[in-house]
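1. What would the 3D arrangement of this be:
(chains A, B, C and D)
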There are 2 protein chains.
Amino acid sequence: MFAEHTSDPDPAPGSTLHPCKSWPDNGRGVRETLDRIGDKWSVLVIGILSQGPLRFGTLHQRVPGVSQRMLTLTLRHLERDGIVSRTAYAEVPPRVEYELTPLGESLRETVLALARWVTDHHDEIETARHRYDTR
Amino acid sequence: MFAEHTSDPDPAPGSTLHPCKSWPDNGRGVRETLDRIGDKWSVLVIGILSQGPLRFGTLHQRVPGVSQRMLTLTLRHLERDGIVSRTAYAEVPPRVEYELTPLGESLRETVLALARWVTDHHDEIETARHRYDTR
DNA sequence: CAGCATCCAGCCCGATACTG
DNA sequence: CAGTATCGGGCTGGATGCTG
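-> Numbering: from 1, shown residues only, chains lettered A, B, ... in the order given. Model (predicted):
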């Protein structure tokens, strides 16, 4: 559509051994989904829910920075995408439980790997930032 | 600090077998780093750069939706975090190459796994969205 | 308890124009 | 070629108040 680079003599030495030179769909669909995963709270929520079903309030406590509004929105989005399921129990004090769907389960390992990487390398990144800022 | 839930009798049946009940640092540091990974373009850029070093213009073509401004900002952020390195060659037409640092390399598999998940499950998500919207 | 509605500040990010 | 500078609209996301 756009960015149809005609000649591409970019040197990029010794590594054309890859599944995708650029992104398959020019970021059309990938972007939309990535925006959901990559939004401010989804990864955290999925990470917590990967431990098992939780009700709204508990979730709210477990993801401390999140506001009620954003937790609601995040859950709605994830629900829409089929990543979490919502179950409301008709009881005297209303109770609602959220849990990962099978689709969400398939994201588990990836998200946990990401979370692990972030915590593992947090110090390195802090150091790099400091070096960059004071250079 | 906040959200110090006193009693937590949440049922969450049969799965307390996990490394972290909630996020280790209450999202303090994790959030900052996650915001970098999770921002609009980082994952795409890292994915492309995982194929080898590239110069600015080529990168700009390979990540089609991105504007020049956002590509610059994304690269600066990733550089600051020590995930990509920038090398400028003093030549007649300026040439600048970006490539993953060792730290960036360590993110490779995780990011590619995420990208793979997104493309693999794109259809399922589309379907789920449609069902949700028309229900 | 769970959550929607409203208001509003701040930033994200694209478009455009200009520089070394 | 590889940026920087500036402007402005739209969306993100927090605070607050109200409902079932």
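2. so where does whichever residue of chain A sits closest to DNA strand D fall, helix or strand?
-> Proximity of chain A to DNA strand D (Cβ to the nearest atom of the strand) peaks at A:K40, 3.2 Å away. For the C-beta atoms, the positions are set from N, CA and C on the backbone; glycine is no exception. Using DSSP states H and E, A:K40 maps to neither a helix nor a strand.
3. neighbours of A:T110, just the number please.
-> Using other Cβ atoms under 10 Å in any protein chain shown, A:T110 has 21 neighbouring residues.
4. Repeat that for A:R76.
-> 13.
5. which residues does it contact?
-> Applying Cβ atoms under 8 Å, 6 or more residues apart in numbering or on different chains to A:R76 gives no contacts.
6. Give the buried residues for the helix or strand where it lies.
-> Assessed by DSSP H and E, A:R76 sits inside helix A:68-80. Of all the residues in helix A:68-80, those buried under the rule 16 or more other Cβ atoms under 10 Å in any protein chain shown are A:71, A:74-75, A:77-80.
7. Next: stretch A:51-69.
-> For stretch A:51-69, by 16+ other Cβ under 10 Å, it's A:51-56, A:58-66.
8. In strands, which of these appear?
-> If you go by DSSP state E, the buried residues of stretch A:51-69 have A:54-55 in strands.
9. picking that back up, close to DNA strand C, is the next helix or strand after the helix holding A:R76?
-> Using DSSP H and E, the helix or strand that directly follows helix A:68-80 along the chain is strand A:84-89. Yes - Strand A:84-89 is in contact with DNA strand C by Cβ under 7 Å from any atom of the strand, via A:86, A:88.
10. send the alpha carbons of strand A:84-89 over as CSV?
-> The C-alpha coordinates for strand A:84-89 follow below in CSV (Å, rounded to 0.1, in the frame of the first residue of the first chain):
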residue,chain,number,x,y,z
VAL,A,84,-10.4,-13.6,29.9
SER,A,85,-13.9,-14.7,30.9
ARG,A,86,-16.2,-13.0,33.3
THR,A,87,-18.6,-14.9,35.5
ALA,A,88,-21.2,-13.1,37.6
TYR,A,89,-22.8,-14.9,40.5
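11. Partner strands of it and their direction?
-> strand A:95-100 (antiparallel) (DSSP bridges).
12. Taking the centroid of chain A, which residue is nearest it?
-> A:I37 (3.0 Å; Cα atoms, centre = their mean).
13. And that one, how close does it get to DNA strand C?
-> 13 Å (Cβ to the nearest atom of the strand, to the nearest Å).
14. these two touch, right, that residue and B:L114?
-> Yes - in this structure, A:I37 is within contact of B:L114 by Cβ atoms under 8 Å, at 7.0 Å.
15. residues in contact with the closest residue to A:T127 other than its chain neighbours?
-> Once flanking residues are discounted, A:T127 sits nearest to B:G82: 7.5 Å by Cβ to Cβ, 6 or more residues apart in numbering or on different chains. Applying Cβ under 8 Å, 6+ apart to B:G82 gives the contacts A:124-125, A:127-129, A:131-132, B:101, B:103-104.
16. Show me which of these is closest to DNA strand C.
-> A:R129 (14.9 Å).
17. Against B:S85, how distant is the closest one?
-> 15 Å (Cβ to Cβ, to the nearest Å).
18. Can you name the residues of chain A that neighbour DNA strand D?
-> Close to DNA strand D, as judged by Cβ under 7 Å from any atom of the strand, chain A has residues A:39-40, A:65-70, A:94.
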